[in-house]
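1. need coordinates for the below:
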Amino acid sequence: MNAHKTTIIGSGPAGMGCAYTLAEEGAPFLLVDENNEAGGLCRTIDFNGYLFDVGGHRFLSKSGTVNSLWYKMLDEDLTRVRRLSRIYYRRRFFKYPLHFLDTLWNLGVWESGLCFLDYLKNKIFPSGDKNTFEGWIINNFGRRLYNIFFRTYTEKVWAVACRDLSADWAKQRIKGLSLRVALKNSLPGKRKNAPKTLSEEFIYPKNGPGEFYLRLQKNCLERGGSFSFGTRAVKIRHNDKRIVAVETESVSDGKKGTIETDYLFSSMPLPVCARLLEPAPPQEVIAAAGRLKFRDLITVNVILDREYIFPDQWLYVHSPEVRLGRIQNFKNWSPSMVPDAEKTSLGLEYFCSEGDDLWRKDDINLINFALKELEKIGITSRRYLIDAFVVRQPNAYPFYSMDYLKNIGIIRDYLSRFDNFQTMGRAGLFRYDNSDHALLTGIYAANNYLGKGHSDLWHVNADSEYLES
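-> Take a look at the predicted model:
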């Protein structure tokens, strides 16, 4: 049995932001994570010298605290990237966010005219429930554009009808956009008060975002912080008012352990956290946890013997004939991600649920499946394949069901009884935020503990900026 004054569960942005802030103040801690290295969803994997992110992560924030920390850790190893991400549909590339003239060119005058008339119709005679994703998009873009550009991709991500998804996801991820804004953004001249989704440039670590979290870890170790990777939290013990211990097991051999703790920070998924509490919470809390769902992510990473495929950092694949959701092109994030400039590395992203047919496929079948889909939509051919590997990431995306806020509230009210516990980060707060927001919640959580702040983590950056789905 080990005793530590402070324990952190999770080494993603929130966990590492918390750890760094504690270490800077000389506050000892033990951080546990079931992965083998820091970064969580922001890990960067080195595969035969090629660097692959677990998803793409732009470094873009209006938080001075976050920007200062990025530059402090990376400085000359940060590069500026001109943002390019488009929609791939009918073997054509559409600017995203939508630009009217670009859409007109790609869809053709007739289809574009029908879309515009449909938009006007919906402005005069609104249809759909504005509290759902479907209704919100239709009211802002019209039903025709909704069916072309939003429905297929969104249902790939969530595997539910768009009418069963809260409008909060649309409001948060594509804030400030509408067909009117798309038309305005097609006109020449500098745009004032442009939607936050329209950020045109960002910074990015030359060797991927994982480098930032590894440097945070190194900094923490130099200041006395402790890390236990490959360690899974399996139970959180409490006495009804305070957290007293975290029970763990080794991922590799199942060896059990107990960490007595005076204070706990957790960035593990909120519903998982609720279920690990011992004694168990009331049935109402357990039921609420059961209703909060995540979507999981499979990334098929491929190295191809092709110098050029497309110029974007990533593509949203709206083609309904494939299950592929998004393609990352890592050399377009940073040339250093690819050791040979004549080669290309892609991350082929599939949104799924643990245990479904995609999740159950073995790696070889997944690679073959993904390559066939790339050929089907005309991106590239399998004959260029050099090597490939698969990453499975559970609990990647909080699902905004119509009652998700109610369920969060039930769990949050119960957790508020513990005066030595804070939950933080995307998964811990069940909020689909970007990495800078997650990092900030970890910093604020540590400052709360240190007596340097009184932040309500549930409302950090509620008006989130620079978000994209």
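2. pull the contacting residues for Ala427.
-> Counting by Cβ atoms under 8 Å, 6 or more residues apart in numbering, Ala427 makes contact with Gly10, Gly12, Ser267, Met268, Pro269, Leu270, Phe294, Asn395, Pro398. (Glycine included, C-beta is placed from N, CA and C.)
3. so how far is Ala274 from the residue nearest to the last one when sequence neighbours are not counted?
-> By that I understand Pro398. Among residues not flanking Pro398 along the chain, Phe430 sits closest, at 4.7 Å (Cβ to Cβ, 6 or more residues apart in numbering). In this view, Phe430 and Ala274 are 11 Å apart by Cβ to Cβ, to the nearest Å.
4. if we can go back for a sec, next one: phi and psi at the residue nearest to Pro398?
-> Per-residue torsions, Phe430: phi 50, psi 50 (degrees, to the nearest 10).
5. now do the strands in the stretch 251-400 of the chain.
-> 256-266, 277-278, 294-304, 314-317, 326-329, 344-352, 385-398 (DSSP state E, counting those that start in this stretch).
6. show me what the third one is packed against.
-> Just to be clear, that refers to strand 294-304. strand 44-47, strand 50-53, strand 344-352, helix 357-360, helix 363-376, strand 385-398 (3 or more Cβ pairs under 8 Å, 6 or more residues apart in numbering; DSSP states H and E).
7. wait, which of the ones you listed is closest to Asp168?
-> strand 385-398 (10.4 Å; Cβ to Cβ).
8. what's His454 in contact with, if anything?
-> Asn448.
9. list the contacts for the residue nearest to Pro398?
-> Pro269, Leu270, Pro271, Leu292, Pro398, Tyr404, Ile408.
10. sec struct for the last one, please.
-> So the one you mean is Ile408. Here Ile408 is recorded as helix under DSSP: H, G, I helix; E, B strand; the rest coil.
11. pLDDT score for the nearest residue to it once chain neighbours are set aside?
-> Computed as Cβ to Cβ, 6+ apart, the closest residue to Ile408 that is not its neighbour in sequence is Phe430, at 5.4 Å. pLDDT, Phe430: 97.
12. could you do Asn139 as well?
-> 85.
13. other residues contacting the helix or strand that it is a member of?
-> Assigned by DSSP states H and E, Asn139 belongs to helix 133-141. Applying Cβ under 8 Å, 6+ apart, the contact partners of helix 133-141 are 98, 119, 122-123, 126-130, 146, 149-151, 154, 161-163, 165-167, 169-171, 177-179.
14. now mean neighbour count too, for the helices and strands packed on strand 294-304, in CSV please.
-> Shown next, in CSV, are these (neighbours: other Cβ atoms under 10 Å):
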stretch, mean neighbour count
strand 44-47, 16
strand 50-53, 24
strand 344-352, 24
helix 357-360, 13
helix 363-376, 17
strand 385-398, 18
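15. list the contacts of Leu346.
-> Asn301, Val302, Leu304, Ile309, Ile327, Gln328, Asn329, Phe330.
16. before we move on, the earlier item: among the helices and strands packed on strand 294-304, which comes closest to Asp253?
-> strand 385-398 (20.8 Å).
17. just give the strands next to the closest one in its sheet, each with its orientation.
-> Sheet pairing of strand 385-398 (DSSP bridges) gives strand 294-304 (antiparallel).
18. distance between the strand it pairs with and the chain's centre?
-> Put simply, strand 294-304 sits 13 Å off its chain's centre (Cα atoms, centre = their mean, to the nearest Å).
19. next, the angle from that strand to helix 363-376.
-> Relative orientation of strand 294-304 versus helix 363-376 (axes from the mean of the first three to the mean of the last three Cα atoms, to 10 degrees): 70 degrees.
20. how big is the angle separating strand 294-304 from strand 344-352?
-> Using the same axes, to 10 degrees: strand 294-304 against strand 344-352 is 160 degrees.
21. what strand or helix carries the residue in the chain sticking out farthest from the centre?
-> Within the chain, the residue lying farthest from the chain centre (Cα atoms, centre = their mean) is Trp110, at 37.0 Å. Trp110 is part of helix 109-124, with elements assigned from DSSP H and E.
22. now do Asp413
-> Assigned by DSSP H and E, Asp413 falls in helix 404-415.
23. grab the nearest non-local neighbour of Ala370.
-> According to Cβ to Cβ, 6+ apart, the nearest residue to Ala370 is Val300 (4.0 Å).
24. how about that neighbour: which residues does it bridge to?
-> Under the criterion used (DSSP bridges), Val300 bridges to Leu348, Val390.
25. for the residue lying closest to Glu375 once chain neighbours are set aside, phi and psi?
-> Among residues not flanking Glu375 along the chain, Ser381 sits closest, at 5.7 Å (Cβ to Cβ, 6+ apart). The phi and psi values for Ser381, taken as degrees, to the nearest 10, are phi -120, psi 150.
26. and for Thr103?
-> Per degrees, to the nearest 10, the backbone of Thr103 is at phi -60, psi -40.
27. Provide a list of residues in contact with it.
-> Phe94, Lys95, Ser112, Cys115, Ala182.
28. if I look at the closest residue to the third one other than its chain neighbours, how far off is Pro320?
-> Okay, so that is Ser112. In space, Ser112 comes closest to Leu104 once its chain neighbours are excluded; the distance is 4.3 Å by Cβ to Cβ, 6+ apart. Distance of Leu104 to Pro320, computed by Cβ to Cβ: 22 Å.
29. higher neighbour count, these two?
-> Neighbours per residue (other Cβ atoms under 10 Å) separate Leu104 from Pro320, with Leu104 holding more: 17 against 13.
30. tilt between the helix or strand harbouring that one and helix 109-124?
-> Assessed by DSSP H and E, Leu104 sits inside helix 100-107. Counting by the same axes, to 10 degrees, helix 100-107 lies at 130 degrees to helix 109-124.
31. any weak-confidence spans in the protein?
-> 1-4, 100, 173-199, 461-469 (pLDDT under 70).
32. what domains does the record give for it?
-> 2-42+59-70+205-292+401-459, 95-196, 294-398 (automatic domain parsing).
33. dump the ones you listed into a markdown table; add distance to Ile87 as well.
-> Below are the domains of the chain laid out as a markdown table (distance: least, Cβ to Cβ, whole Å):
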| stretch | distance to Ile87 |
| --- | --- |
| domain 2-42+59-70+205-292+401-459 | 20 |
| domain 95-196 | 5 |
| domain 294-398 | 5 |
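34. to Asp77, which of these lies closest?
-> Among the domains of the chain, the nearest to Asp77 by Cβ to Cβ is domain 2-42+59-70+205-292+401-459 (5.0 Å).
35. which residues in the stretch 201-350 of the chain form helices?
-> 210-222, 270-276, 283-291 (DSSP state H, counting those that start in this stretch).
36. let me see the contact set for the nearest residue to Arg86 once chain neighbours are set aside.
-> The shortest distance from Arg86 to any non-neighbouring residue, by Cβ to Cβ, 6+ apart, is to Phe93 (4.6 Å). By Cβ under 8 Å, 6+ apart, Phe93 lies in contact with Arg86, Ile87, Asn106, Phe310, Asp312, Leu315.
37. going by neighbour count, list what's buried in the host helix or strand of Tyr444.
-> Using DSSP H and E, Tyr444 sits in helix 435-450. Within helix 435-450, the residues that qualify as buried are 435-449, counting by 16 or more other Cβ atoms under 10 Å.
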